[in-house]
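Novice: no sequence on this one, just coordinates:
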């Protein structure tokens, strides 16, 4: 039997805004040619890079000890938060930063230029922050959930999901490479589109949307997510049932039989 693939640390973030009829969340569509959930609507996110851990001196509002405690880790938690905001900038063009005077940058031109440089790999994320003379603003980032890709797929991720309010003075946009479309939707509307087959979503996306459908304002979501609540690690499993592959969650029939 081949060795089980070790999940790679990853971060995903749900950007939120208050819409006319309730909370809206930004979803991006992955490139159809992607070898991981191609064509699916997901939240901005990706693997934690080695450079994310090196930005501890370029963040405001959180340190590694506190971040690690929130995530249930001995150390290294801050890198997940940094990765979430880096991916948000790369894939959706939104950057949560603050300057020495507390003001965030709203220069759309500068943001676009730095995003292009970063996505073209002509610079690293630290260069972006230094060039803008800003630091990452982690004060409003709340930890939502923890999902691990089941054994079986060629890629596995150990993913922390976060929620944050999108900057009101910035405009989201897909990167036209990894992501080919984006939509602001109420969670209930996104779920309805997925249920009808109009869009494709994977299970973690669906379940994270379901977890915030009851909230009417972004502030309510952030308050709940940031409260002292237990976040349980969820690792779906795949089993064969009546000739079909079925994904089961903890508590579902057959889950424990796979131990």
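Specialist: Yep, it's here. Given the structure is predicted, the values throughout are model-derived calculations rather than measurements.
Novice: share the number of residues neighbouring residue 208, please.
Specialist: 20 (other CB atoms under 10 Å). Every C-beta, even on glycine, is put in place using the N, C-alpha and C of the backbone.
Novice: check contacts around it.
Specialist: The contact partners of residue 208, by CB atoms under 8 Å, 6 or more residues apart in numbering, come to 14, 43, 144, 145, 161.
Novice: at 7 Å instead, please
Specialist: 14, 144, 145, 161 (CB atoms under 7 Å, 6 or more residues apart in numbering).
Novice: go on, residue 39?
Specialist: Going by CB under 7 Å, 6+ apart, residue 39 touches 29, 30, 32, 200.
Novice: mind running it again at 8 Å?
Specialist: Residues in contact with residue 39, defined by CB under 8 Å, 6+ apart, are 29, 30, 31, 32, 200.
Novice: so what's the second one bridging to?
Specialist: In this case it means residue 30. residue 179 (DSSP bridges).
Novice: any idea how many residues pack against it?
Specialist: 21.
Novice: just the closest of the contacts of residue 208 to residue 224, please.
Specialist: Closest approach between the contacts of residue 208 and residue 224, by CB to CB: residue 144, at 9.3 Å.
Novice: mind telling me what element residue 90 is part of?
Specialist: Here residue 90 sits within helix 77-92, counting by DSSP states H and E.
Novice: same question for residue 118.
Specialist: helix 108-119.
Novice: ok now that helix, how far from the chain's centre?
Specialist: Distance, stretch centre to chain centre, for helix 108-119: 20 Å (CA atoms, centre = their mean, to the nearest Å).
Novice: and the contacts of it?
Specialist: Contacts for helix 108-119 (CB under 8 Å, 6+ apart): 89-90, 93, 95, 105, 123-125, 127-128, 131-132, 170-171, 175, 177.
Novice: which of the residues you listed fall within helices?
Specialist: 89, 90, 125, 127, 128, 131, 132 (DSSP state H).
Novice: give me the neighbour count for residue 183.
Specialist: Neighbours of residue 183 (other CB under 10 Å): 17.
Novice: contact partners for it?
Specialist: With contacts defined as CB under 8 Å, 6+ apart, the neighbours of residue 183 are 26, 27, 29, 41, 190.
Novice: the first one and residue 44 touch, don't they?
Specialist: Yes. Applying CB atoms under 8 Å, one finds residue 26 in contact with residue 44, separated by 7.3 Å.
Novice: compare those two (neighbour count), which wins?
Specialist: Taking other CB under 10 Å, residue 26 and residue 44 do not tie; residue 44 has more neighbours (29 against 22).
Novice: burial count for the residue nearest to that one when sequence neighbours are not counted?
Specialist: Excluding its sequence neighbours, the residue lying closest to residue 44 (CB to CB, 6 or more residues apart in numbering) is residue 91, at 4.2 Å. Residue 91 has 27 neighbouring residues, counting by other CB under 10 Å.
Novice: run through the residues that contact residue 207.
Specialist: 145, 147, 234.
Novice: confirm it sits in a strand?
Specialist: No. Residue 207 is assigned helix when assessed by DSSP: H, G, I helix; E, B strand; the rest coil, not a strand.
Novice: that one and residue 249: what is the separation?
Specialist: As judged by CB to CB, to the nearest Å, residue 207 and residue 249 stand 8 Å apart.
Novice: joint contacts of those two?
Specialist: Between them, residue 207 and residue 249 share these contacting residues under CB under 8 Å, 6+ apart: residue 234.
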